[in-house]
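Novice: The following comprises the amino acid sequence and a computationally predicted model.
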Amino acid sequence: MSGFVEKPEPLQVPGLVHLHTGKVRDLYQNEAGDLVMVASDRISAYDWVLPTEIPDKGRVLTQLSLWWFDQVADLIPNHVLSTDLPAGAPAGWEGRTLICKSLQMIPVESVARGYLTGSGLAEYNESRTVCGLALPEGLSDGSELPAPIFTPATKAAVGEHDENVSYEEVARQVGADTAARLRQATLAVYGRGRAIARDRGIILADTKFEFGFDNGTLVLADEVLTPDSSRFWPADQWEPGRPQPSYDKQFVRDWLTGPESGWDRKSEQPPPALPQEVVDATRAKYVEAYERLTGTSWS
């Protein structure tokens, strides 16, 4: 089993229809047919949405995504229509809510990798490939790839794993033209993000995007280049051959799999609540990522 330890009840807001509760975001539809996307402070690890929230996390993700949408606006349009709070929405939604175009979403996680780690490393160790793409011998955890690669995955439901697939499988599922457009857009946005992050002393190891169509136009959706959708590593601590320090929920993962939690990841028991020190350290990493990337203080 996996999924939500405690699935929250969606807030009822006049004029909005609740559509979906995801790992982090709650989706509503307004009377105009637009999507209202609210980023919560929920955090997930090992396919579980944990019972403990990370304060400000949803606002950090939202504000960082907005900043990145601006940085890549010349490469691809995005789905944001407004950041205004919907009438009747609770004050707690301020800063974490986006009104977005309703798109025809493409059921593919568009992943770009510039460094080898995670599921890519596991496949490489077995076959010297990632999503069917051959890579040279001698790479290890954290190695920079000869060039960034497009390594798509199928989208999974809450509590299930996304599954890496080949480019050919994506082309079979969504068509050759759409697959080519996804690959081009994914590598272009990753390239821009990687260059900007590098200038700020951060390595953008990999990231995933979601895209949809708006009357035939490919549009960047959901979140973009956040610590929830990307691996950010401090450049001055990069050392291939070992796991890298990162600006994400590594404190959460380490505590859950360590002796203090008392949790067996392989069991069917849900994970326990997080201690305050893990919450504080994780929040600090999200805020640090925002501040280093944008060059502005979080308030």
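Specialist: Everything's here; your move.
Novice: For the rest of this, base every contact and every neighbour count on C-alpha atoms.
Specialist: Noted.
Novice: count of residues packed around residue 209?
Specialist: Neighbours of residue 209 under the rule other CA atoms under 10 Å: 23.
Novice: ah, wrong one, I meant residue 175
Specialist: The number of residues near residue 175, taken as other CA under 10 Å, comes to 12.
Novice: can you check the one 3 residues further on too?
Specialist: Residue neighbour count, defined by other CA under 10 Å, stands at 16 for residue 178.
Novice: At which residues are the helices of the chain located?
Specialist: 57-71, 118-127, 167-174, 176-199, 250-257, 276-294 (DSSP state H).
Novice: Pick the most buried one from those helices.
Specialist: helix 57-71 (a mean of 21; mean count of other CA atoms under 10 Å).
Novice: isn't residue 227 right up against residue 288?
Specialist: No: Residue 227 is beyond contact range of residue 288, at 10.4 Å (criterion: CA atoms under 8 Å).
Novice: Give the residues shared as contacts by the two.
Specialist: Among the neighbours of residue 227, those also in contact with residue 288 (CA atoms under 8 Å, 6 or more residues apart in numbering) are residue 247.
Novice: any idea how far residue 258 is from residue 271?
Specialist: 12 Å (CA to CA, to the nearest Å).
Novice: Pick out whichever of those two has more residues nearby.
Specialist: residue 271 (22 against 12).
Novice: quick one: contacts for the closest residue to the more buried one other than its chain neighbours?
Specialist: Leaving aside its chain neighbours, residue 271 sits nearest to residue 263 (6.1 Å; criterion: CA to CA, 6 or more residues apart in numbering). Going by CA under 8 Å, 6+ apart, residue 263 touches 256-257, 269, 271-272.
Novice: can I assume residue 96 is in contact with residue 66?
Specialist: No: Residue 96 lies out of contact with residue 66 (CA under 8 Å); the separation is 10.5 Å.
Novice: which intervals of the chain have sub-threshold pLDDT?
Specialist: Within the chain, the stretches with pLDDT under 70 are 1-2, 156-161.
Novice: try 90 this time
Specialist: Within the chain, the stretches with pLDDT under 90 are 1-3, 6-7, 46-47, 154-163, 248-251, 266-268, 299.
Novice: OK, contacts around the residue nearest to the spatial centre of it?
Specialist: Centroid check for the chain by CA atoms, centre = their mean gives residue 229 as the closest residue, at 1.8 Å. Neighbouring residues of residue 229 by CA under 8 Å, 6+ apart: 207-209, 223.
Novice: so the residue nearest to residue 253 when sequence neighbours are not counted bridges to which residues?
Specialist: Nearest residue to residue 253 in three dimensions, chain neighbours excluded: residue 45, at 6.4 Å (CA to CA, 6+ apart). Per DSSP bridges, the residues bridged to residue 45 are residue 48.
Novice: hang on, isn't residue 45 packed against residue 251?
Specialist: No: if you go by CA under 8 Å, residue 45 and residue 251 don't touch, sitting 10.5 Å apart.
Novice: Can you tell me how far the residue nearest to residue 271 is from residue 187?
Specialist: Distance, residue 263 to residue 187, by CA to CA: 38 Å.
Novice: Same check on residue 210?
Specialist: 13 Å.
Novice: related to what we said a few turns ago, show me the contacts of residue 229 that map onto strands.
Specialist: 207-209 (DSSP state E).
Novice: can you give me the strands for the stretch 1-150 of the chain?
Specialist: 3-4, 17-21, 25-29, 35-39, 44-45, 48-49, 80-82, 97-100, 104-105, 108-115, 129-130, 133-134, 144-150 (DSSP state E, counting those that start in this stretch).
Novice: I would like the residues contacting the second one, please.
Specialist: It stands for strand 17-21. Here strand 17-21 has contacts from 10, 12, 26-30, using CA under 8 Å, 6+ apart.
Novice: Tabulate those in JSON lines, adding columns for distance to residue 61 and neighbour count.
Specialist: JSON lines is the format used below for the contacts of strand 17-21 (distance: CA to CA, whole Å; neighbours: other CA atoms under 10 Å):
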{"residue": "10", "distance to residue 61": "20", "neighbour count": "13"}
{"residue": "12", "distance to residue 61": "23", "neighbour count": "13"}
{"residue": "26", "distance to residue 61": "14", "neighbour count": "18"}
{"residue": "27", "distance to residue 61": "15", "neighbour count": "20"}
{"residue": "28", "distance to residue 61": "18", "neighbour count": "23"}
{"residue": "29", "distance to residue 61": "21", "neighbour count": "19"}
{"residue": "30", "distance to residue 61": "22", "neighbour count": "16"}
